[in-house]
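Peer 1: Provided below for reference: sequence and predicted model.
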Amino acid sequence: MLLLTITLVRLPRDPVHNNAIEKLENIFYRWQTLKKNINRRTQTQIANETSFTEDLEKLYDVAHADAMKMITIEEDRAFLEDQRGPRRGYMGNVDTALTAKEERKGKRLKREEYLKTKEDDRRKGQNVTAEADEVVSEEEIAAMTDDELESNFEPCSSTVSRKKRPVPIVTADLSAAMDRTNVSNRCATFLLAETAKSLGHDISSIAVNPESIRTARLQFRKQAAEATKSSFDPLVPLVVHWDGKMLPDITGVEQVDRLPVLVSGFQVEQLLGVPKLPNGTGEATGNAVIAMVQEWDVENQVKAMCFDTTATNTGKRSGACGVIENKLGKNLLHLACRHHVHEIVVGDVFKYCFGPSCGPDIGLFKRFRDYWPRIDRSQFQTANDDPVCVEILMKLGNLKDEVIAFAKKVLVSSQQPRDDYRELLELTVLFLGDVPPRGVRLVAPGAMHRARWMAKLLYSVKVWMFKKQFKLTAREETALREMNLFGCLLYTKAWTVCQSPTAAPRNDLNFLKLVMKYEAINKGISNAAVRAFIRHLWYLSEELVALAFFDDAVDNAMKRKMIDALKKQGDVLDEPPKRIQLDQSVILEKELDDFVTSRTLSFFDIMGFNADFLMHVDPDSWATLDDFQRANKHVRSLSVVNDRAE
């Protein structure tokens, strides 16, 4: 729509009709005419609108007809001509930058004059000629900076004293303490100021303000990072970890995708950085990991990767693992996160018991969490109080007693890294009818979401234990019973022993066999768990099955069979798959030596170990060999769970 600007309009100067009112009326009439035909988009209408718009941009000249003769100042006459033409010049505000510059120049000239006067007086008093070396020339004075001139400036009055510069009080240790406690610069200002006052210090004499504290903290962080990076020179095989996280941006409130990258090895654990990712693709992830590895100069030490088994990481074409191997130009061990694999298993079993997902929240668990304040925690049920559970436990023989003994031993002998891991062990003992070492402690239900795999099992056990106080449908009670029996009898132990790298091949094979035997109890759950797990047989591959050579629970007879299996021809492919495909029907017949081939020796090549002891020394004597001891300590330090990156 055409708009009419009445405040200031510019039109070509008309020397005949110089009446402003008449000009303004003509503009208004033209605008009304164009407005009547606004919907007719003909070429004539468009040309008229364009002409009208251009005329509005021109000067609405209301100057006197003889203005050029009446104006005596040449600059004003040139300005009027410019305004009637293309308008190359314009009127603006005072140039504050130029004004400040001129003021500084004036002060500098005054100081220079003062210095010249002082120098003349000094030469006259000491009869020093102009050719003396000590004389300050005008060129030297002109070359002096403002700070130098200020330092040489001597005020006329000797009674004026210069104000002392505030003393900085933030040290490297204090900066690190504020970072560890997550104290902001503004909060630190109040704390330090009140602390200084309580100790009797004059606050005006110390630098206590947000900007000084911020600058000092940035400086100490940079120094600490540079010192750490320069002193980091590991000579051991390293595993690189990464795990994408959505975190608040440092410079705003929006969420950004960041990637914690760290390396671990024998007596080594170092965070390399948390770079921001442009997107969540495998290529972006791989490039970020490579950038961190190269920045810390540890490309040669990286021998393996520990990662979550998502398609972004494991994709054949553009997965992060493939990108990293291509960039480094070498084959790496693929240590898939075992916790992540077992989370997938319990997720598929939960889906079988409760049906497919219909939203992020689980309605049953949400109702139970809201009902929890009315629960009498002293009145709970165990598997011994349910006839169906008792019958199933009797069919499984002494499996119940074995799981209880294992859970109690772990609770007493080791410190669990997370509270929900310990809670799972204690709930397993309670569900199976025993008491945990530290007694009965039932905590309130925590975070609940379909993506939280551990919460599914914890909620299932709690809901079923209080089923007499919390109303359940027959279908819900059956689903909870099936979920809890699988979780407590089969899953808890498998989850707890995940962190041992050397036991990974044996534990995976034993778990598969145990789940296969569970088919006699619940065929649906058995099939769901087996199908989920056989998609992630990373540690039974031709390379990683070599971890079993360092497993103390594998007897020497089996290790001899594995050595004999090294003579078997490996996969016909140039690069054997990082995870194997296994037929479900032959699982119960398999042993560790069935997965060993000649390609298993590539594990030792990648890690840089001498494997001669495998062929020339009996397993009974391995413990006395230096090569075995060196390889053993580094293999046991490999990380097969990605909790560090989380």
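Peer 2: Yes, it's here.
Peer 1: Would you mind finding the longest helix in the chain?
Peer 2: helix 96-126 (DSSP state H).
Peer 1: ok, and for it, which residues are buried?
Peer 2: Neighbour counts over helix 96-126 (16 or more other Cβ atoms under 10 Å) mark R108, R111, E112, Y114, L115, E119 as buried. C-beta coordinates here come from the backbone N, C-alpha and C atoms, glycine included.
Peer 1: Packing partners of it?
Peer 2: Judged by 3 or more Cβ pairs under 8 Å, 6 or more residues apart in numbering; DSSP states H and E, helix 96-126 is in contact with helix 138-143, helix 146-152.
Peer 1: now that helix: how far from the chain's centre is it?
Peer 2: 56 Å (Cα atoms, centre = their mean, to the nearest Å).
Peer 1: Over to stretch 288-299?
Peer 2: From the chain centre to the centre of stretch 288-299 is a distance of 16 Å (Cα atoms, centre = their mean).
Peer 1: Flag every buried residue along it.
Peer 2: A288, V289, I290, M292, V293, W296, V298.
Peer 1: Could you give the average pLDDT over it?
Peer 2: The pLDDT scores in stretch 288-299 average 92.
Peer 1: ok, back up a step: nearest to K523, of the buried residues of helix 96-126?
Peer 2: R108 (93.1 Å; Cβ to Cβ).
Peer 1: quick one: that closest one from Q581, how far?
Peer 2: Distance check for R108 against Q581: by Cβ to Cβ, to the nearest Å, it reads 81 Å.
Peer 1: go on, V289?
Peer 2: 28 Å.
Peer 1: same thing with V208?
Peer 2: 66 Å.
Peer 1: do T312 as well
Peer 2: Going from T312 to Q581 by Cβ to Cβ gives 22 Å.
Peer 1: Have a look at these two and say which one is more surrounded.
Peer 2: With neighbours defined as other Cβ atoms under 10 Å, T312 and Q581 compare such that T312 has more, 19 against 8.
Peer 1: Shouldn't that one be within a helix?
Peer 2: Yes - with DSSP: H, G, I helix; E, B strand; the rest coil as the criterion, T312 is located in a helix.
Peer 1: Enumerate every residue touching the residue lying closest to it once chain neighbours are set aside.
Peer 2: Ranked by Cβ to Cβ, 6 or more residues apart in numbering and with sequence neighbours excluded, the top spatial neighbour of T312 is G282, at 4.7 Å. By Cβ atoms under 8 Å, 6 or more residues apart in numbering, G282 lies in contact with A311, T312, N313, G315, S318, G319, A320, G322, V323.
Peer 1: what do you get for D593?
Peer 2: Contacts of D593 by Cβ under 8 Å, 6+ apart are M558, K561, M562, D564, A565.
Peer 1: Measure how buried the residue nearest to A611 when sequence neighbours are not counted is and give me the count.
Peer 2: Spatial nearest neighbour of A611, chain neighbours left out: F604 (3.9 Å); criterion: Cβ to Cβ, 6+ apart. By other Cβ under 10 Å, 20 other residues sit near F604.
Peer 1: quick one: buried residues of stretch 306-323?
Peer 2: Buried-residue list, stretch 306-323, by 16+ other Cβ under 10 Å: 306-310, 312-315, 319-323.
Peer 1: Any figure for the gap between T42 and T33?
Peer 2: 14 Å.
Peer 1: ugh, typo on my part, it should be L174
Peer 2: Using Cβ to Cβ, L174 is found at 77 Å from T33.
Peer 1: Show the contacting residues for the residue nearest to A494 when sequence neighbours are not counted.
Peer 2: Nearest non-adjacent residue to A494, counting by Cβ to Cβ, 6+ apart: F511, 4.7 Å away. Going by Cβ under 8 Å, 6+ apart, F511 touches L490, A494, F533.
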